[in-house]
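Participant: Take a look and give me a structure for this.
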Amino acid sequence: MIILISSGLPLFSEAHAHSMFNSAEEFLGGYRVQVATLPEFPQIGEKSQILFRVGDTEFNEVDRFTMGVRVFYNDQQIDAIAPESHKGGHYEMDYVWKTSGNHIVKVDLYDMEGSTGVLTYTFNMSTQSPFGYIFIMAITIGAITLAVVVSYIYIPKRLQSRFKL
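Facilitator: The predicted model follows:
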């Protein structure tokens, strides 16, 4: 049994956590860009973060990159962050979302080794609207109601069978 368990360990040597809801990655021009928001569901008018990770197709982070960001809503550009040079493969940007719904975030990488021109990566990002709270509360109330009904039905039967009078 020990040999069987120890031989299976290398099969599970690499694990990946569940990605956040507002996260994605795209491969283009020999590079991979990952983007995510923190919190997962940004609130309108509140500061949140957009997290970026730039790497190659071998999943190694790059040493430096120059990146600009453009944000679109209903096919209209509503914001732009000028290109900046960054050291390392990570970049975190504070951002305040002004409208609820889906936004298109375009990430432009400039002067990447082995590529000519600008590499543009496109991501779909969502923001939280007040209806999201209503949806979450409705599901929670439904789950609690189900638990109460099931408990009301089964707990008296179990007590009665245990303490047969």
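Participant: can you pull out the strands in this structure?
Facilitator: Here the chain has its strands, by DSSP state E, at 23-28, 31-38, 47-56, 64-73, 76-87, 90-96, 102-110, 119-126.
Participant: can you put these in a markdown table and add mean neighbour count?
Facilitator: For glycine as for every other residue, the C-beta is placed from the backbone atoms N, C-alpha and C. Shown next, in a markdown table, are those (neighbours: other CB atoms under 10 Å):
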| stretch | mean neighbour count |
| --- | --- |
| strand 23-28 | 15 |
| strand 31-38 | 20 |
| strand 47-56 | 18 |
| strand 64-73 | 18 |
| strand 76-87 | 12 |
| strand 90-96 | 13 |
| strand 102-110 | 18 |
| strand 119-126 | 18 |
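Participant: want to throw these into TSV with distance to residue 151 and mean pLDDT?
Facilitator: As requested, these are exported to TSV (distance: least, CB to CB, whole Å; pLDDT from 0 to 100):
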stretch	distance to residue 151	mean pLDDT
strand 23-28	37	88
strand 31-38	37	91
strand 47-56	39	92
strand 64-73	46	94
strand 76-87	49	94
strand 90-96	44	93
strand 102-110	40	93
strand 119-126	36	91
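Participant: would CSV of the ones you listed with distance to residue 150 be doable?
Facilitator: Shown next, in CSV, are those (distance: least, CB to CB, whole Å):
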stretch, distance to residue 150
strand 23-28, 35
strand 31-38, 36
strand 47-56, 38
strand 64-73, 44
strand 76-87, 48
strand 90-96, 43
strand 102-110, 37
strand 119-126, 34
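Participant: Of all those strands, which one comes closest to residue 140?
Facilitator: Nearest to residue 140 among the strands of the chain is strand 119-126 (20.4 Å), distances taken as CB to CB.
Participant: List the strands paired with the closest one, with their directions.
Facilitator: Sheet pairing of strand 119-126 (DSSP bridges) gives strand 102-110 (antiparallel).
Participant: Pull the residues that contact the partner strand.
Facilitator: Strand 102-110 has contacts (CB atoms under 8 Å, 6 or more residues apart in numbering) with 29, 31, 33, 35, 50, 52, 54, 65-73, 78, 83, 97, 118-127.
Participant: circling back: and residue 145, which of the strands of the chain is closest to it?
Facilitator: Using CB to CB, the nearest of those to residue 145 is strand 119-126, at 28.2 Å.
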